[in-house]
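Q: Can you look at this prediction? I've put the sequence above it.
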Amino acid sequence: MQGWSCQRAGTRAVAGLAAFALIGAVLAAGTGSALASGSVWTRETSPNVTVPGGRIESISCSSATACTAVGTNVDTAGIKVTLAERWNGKIWRRQPTPNPPEDTAPGVAPDLLGVSCPALSFCAAVGAYSLGGAQVSIAEVWKGHVWAQEPVPFVVGSESAEMNQVSCTSARFCEAVGSYTPFGTPLALAATWNGTSWRLQYPPAPPGSIVNLDAVSCVSPTFCEAWGGGTPSSPGPSVAERWDGKSWHLQAVSANITVDSVSCVSARFCEAVGAAAGIPDADVWNGSSWRAQTMPGPGTMTGVSCTSSSFCEAVGGFFNTSTNEVQSDAALWNGKVWSAQLPPNPATAGVTHLNAVSCSAGVCEAGGNSAAAQGSPPRALAEGWNGDWRMQNAVAPAGATDNSLSAVSCVTATFCEAVGSHSDSAGNALNLAETWNGTAWKIQATPSPLSPSGLTFDGLDAVSCVSTDFCEAVGPGGAAVWNGTSWKVQATPPINVTPISVSCATVSFCMTTSGSGGVAIWNGASWSAGPGVSGFQQVASVSCVSASYCEAVGGGPQGENAAVWNGASWSPQPTAGPAGVVLDAISCLAVNSCEAVGATFGPITVTLAETWNGTSWAIAPTPNPPATQSSILNAVSCTSAASCTAVGQNQFTNLGLTRTLAEVWNGKTWSLRSTPSNVNAGENILDDVSCVTSAGCTAVGTTQDSGLFQTTLIEAGD
């Protein structure tokens, strides 16, 4: 789009007005129109901001310089995948891990919950994923070069089965524990690895009890200890079981203990940690019975590792009532008592938790996750202990977050600016800007100013460029200017409410409008308030040819959806169309040549275009896809009176699924174009378009990735 052309806000701010208010209306055919021959739009690769993520569920060290941590992560497509990373004594490195072939949707969510590495060249990891609504066990083995998935037999007649933890004494012996669900009742399940395959075992359970085994530790093929209990939704008594090389045997324990981890150094010494009635708890095995110990601190211990009967480390987390934050917790066993420790917490985290720990030769490694706040995406966390706890740089893989583009402005075929928003790991919506260099799109650094309350503003809604060295962008965060090198925040335009549209005629004149009709004017040095567009329910877009001529459109008094600026004041203009008309965008070439687009809302919403000839507005009939339920044009860009392109979205049914829409004006008629859409996404919307030639247009908007996260969408055509 040329420099003076309007750049409007995205559909989240304007489009409309009632874009999805028609869900439930009767499906009927639209006006219909054949696609123009040979006019097919293409999708361009557009980058998306990512956030570091990951969760470490378990960790195992075969030496002080060889540890493996496993867990899960949300990848850049929004799909949960398995995670493994390796510590060599200095740094953490991620290792590629396989995922179930069904892992193409968010609900599959494979998670490695336990890992055991008896040697540098061997580890076994176990966990679970969802398949058809049931939990299925997953097991992976590291043989010194690569992780490989190994099948775990599924229990015949069971509704689901999962493995929670594993303990190995060699590459030829491991015990994994978890549960299976026959007829809706979870029962204890175990599996043994013989170096080649997994074989199921069925540990006993107290009559009528619900048992899910959560922890296991083995010191030899003839001695293992496992702990478990009920599930969060189905409480049950605590259960401890011993493996003697042939079978599992129940042991006597306190009924109110929730054990999350157990560590054995011999058949005569084990430590189990967890909580009892919300208070940290530890129990010790002396070779014949379990005995309760006093554990310090207010938190819950979820991991324990012992190297001898006089050295154990336990880790977990607790809620700090003075800071209202969840913080990491740790305790040290010296053979006589447990003493509290204070592991560090990331400075910006409101939630920090250590899930597991593994010690070797007096050195320990702990893993877990942190987050900006409760409910925010987790980030992998690792800490090391060598007399005191220190933070380490765990691998926090790039993960998906919401991204969207609301507006675009192109000056040449080799320069475009697109703006929008992206979410950070705390859930704040931040400014997003991307630039086109003729070959590829690249994300730019964009400042996101803070409000007086300390919260970030919500992205950029509109942009207008007059050269490669000058662009103005506006949104809830106020305004930002592009100087050819970087984006700089400007003082907020003084119009009291969020600016959603901006149009620059020159570097010394820009106008921005708010949805309620507020106006601010840029004079080349600063923004100042201008006369508002009065009488409009909503001002959607503005386009300025010069400092003395602008057109604004939106939803005004009946029959008046446009207003003209003469350099000093606004005057309403009569517009054509029936009741329910809303004009969402406008592009002006001269005082006698403008094109506005939007929709006519009713039982079926259909596209609308109107042309300004300097004297009056007249409807130019627009096509709609066959059997449309709701079609809306959100933006328009003209390079001549005989060449305009409009974009938006279309709904074929009342299910709310949207597909991209593009139409082209040749001076006499509008015709449809074929545009790409992600058929697996519920949202495909083009919010803005900018054309530098009649055959060179760029449109931006939003779609969804495999994980149903919002992602940027850029399409090119005529």
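A: That came through fine. What you see is a predicted model; the values in this text were computed from it and never measured.
Q: can you name the farthest residue from the center of this structure?
A: In the chain, residue 288 marks the outermost C-alpha relative to the chain mean, sitting 50.1 Å out by C-alpha atoms, centre = their mean.
Q: Report pLDDT for that residue.
A: Listed pLDDT for residue 288 reads 95.
Q: cool, residue 456 as well?
A: 52.
Q: now residue 657
A: Residue 657 is given a pLDDT of 86.
Q: try the one 5 residues further on
A: As predicted, residue 662 sits at a pLDDT of 97.
Q: likewise residue 576?
A: Residue 576 carries a pLDDT value of 86.
Q: The one 10 residues further on now?
A: For residue 586, the model assigns a pLDDT of 98.
Q: Who are the contact partners of it?
A: For residue 586, the contact set (C-beta atoms under 8 Å, 6 or more residues apart in numbering) comprises 6, 8, 541-543, 551-553, 562, 594-597, 636. Backbone N, C-alpha and C define where each C-beta goes, glycine included.
Q: Scan these and report the most crowded one.
A: residue 8 (36 neighbours; other C-beta atoms under 10 Å).
Q: circling back: residue 262 versus the residue farthest from the centre of the chain, what's the distance?
A: Going from residue 288 to residue 262 by C-beta to C-beta, to the nearest Å gives 16 Å.
Q: helix/strand/coil for residue 434?
A: strand (DSSP: H, G, I helix; E, B strand; the rest coil).
Q: For it, give the beta-bridge partners.
A: On the basis of DSSP bridges, residue 434 is bridged to residue 418, residue 443.
Q: Could you check how far it is from residue 465?
A: For residue 434 relative to residue 465 (C-beta to C-beta), the value is 13 Å.
Q: Need the residues touching each of those two.
A: With C-beta under 8 Å, 6+ apart, residue 434 and residue 465 have common neighbours residue 417.
Q: about what we covered before: distance check, the residue farthest from the centre of the chain against residue 242.
A: 11 Å.
Q: Surely residue 44 is in contact with residue 717?
A: No - Residue 44 lies out of contact with residue 717 (C-beta atoms under 8 Å); the separation is 10.4 Å.
Q: right, and out of the contacts of residue 586, which lies closest to residue 644?
A: Nearest to residue 644 among the contacts of residue 586: residue 595, at 4.8 Å, using C-beta to C-beta.
Q: tell me the helices in the stretch 101-250 of the chain, going along the chain?
A: Ranges of helices within the stretch 101-250 of the chain: none, based on DSSP state H, counting those that start in this stretch.
Q: Residue 59 in helix, strand or coil?
A: Put simply, residue 59 is strand when judged by three-state DSSP.
Q: Report the helix or strand with the lowest average pLDDT across the protein.
A: strand 35-40 (a mean of 62; mean pLDDT, DSSP states H and E).
Q: and the helix or strand following that strand, which residues are buried?
A: On the C-terminal side of strand 35-40, the nearest following helix or strand under DSSP states H and E is strand 42-44. For strand 42-44, a neighbour-count test (16 or more other C-beta atoms under 10 Å) marks 43-44 as buried.
Q: And for stretch 244-251?
A: Here stretch 244-251 shows 248, 251 as buried, counting by 16+ other C-beta under 10 Å.
Q: again, but for stretch 210-229
A: Residues of stretch 210-229 classed as buried: 210-219, 221, 223-229 (neighbour count, 16+ other C-beta under 10 Å).
Q: Can you tell me which of those residues end up in strands?
A: In this view, these that belong to strands under DSSP state E are 212-219, 223-229.
Q: need the contact list for the closest residue to residue 519 other than its chain neighbours.
A: Leaving aside its chain neighbours, residue 519 sits nearest to residue 530 (4.0 Å; criterion: C-beta to C-beta, 6 or more residues apart in numbering). Shown in contact with residue 530 (C-beta under 8 Å, 6+ apart): 511, 519-521.
Q: now the strands for the stretch 251-400 of the chain?
A: Along the stretch 251-400 of the chain, counting by DSSP state E, counting those that start in this stretch, strands occupy 257-266, 269-276, 279-285, 290-294, 300-308, 311-320, 325-333, 338-341, 351-360, 363-371, 379-385, 389-392, 398-399.
Q: Now do the third one: which elements does it pack against?
A: Strand 279-285 is packed against strand 257-266, strand 269-276, strand 290-294, strand 300-308, strand 325-333, with contacts defined by 3 or more C-beta pairs under 8 Å, 6 or more residues apart in numbering; DSSP states H and E.
Q: ok, back up a step: what separates the residue farthest from the centre of the chain from residue 251, distance-wise?
A: Residue 288 is 10 Å from residue 251, by C-beta to C-beta.
Q: so what's residue 513 bridging to?
A: Where residue 513 sits in a bridge, its partners, by DSSP bridges, are residue 501, residue 519.
Q: Please work out how many residues are found near it.
A: Residue 513 has 33 nearby residues by other C-beta under 10 Å.
Q: same check, this time on the one 5 residues further on
A: Other residues within reach of residue 518 by the criterion other C-beta under 10 Å amount to 22.
Q: Excluding chain neighbours, what is closest to it?
A: residue 495 (3.3 Å).
Q: Contacts only, for that neighbour.
A: 512-514, 518-520, 529, 532 are the contacts of residue 495 under C-beta under 8 Å, 6+ apart.
Q: Of the strands of the stretch 251-400 of the chain, flag the one that's most buried.
A: Among the strands of the stretch 251-400 of the chain, ranked by average contacts under mean count of other C-beta atoms under 10 Å, first place goes to strand 363-371 (a mean of 27).
Q: Could you pull up the residues touching residue 707?
A: 74-75, 77-80, 105-106, 400.
Q: Try it again at 10 Å.
A: By C-beta atoms under 10 Å, 6 or more residues apart in numbering, the residues touching residue 707 are 74-80, 104-106, 399-400.
Q: Among those, which one sits closest to residue 307?
A: residue 80 (33.7 Å).
Q: Can you give me the pLDDT of the nearest residue to residue 442 once chain neighbours are set aside?
A: Leaving aside its sequence neighbours, residue 442 sits nearest to residue 435 (C-beta to C-beta, 6+ apart; 5.7 Å). Note for residue 435: predicted pLDDT of 98.
Q: ok, residue 317 to residue 325 distance?
A: For residue 317, the distance to residue 325 - C-beta to C-beta - is 10 Å.
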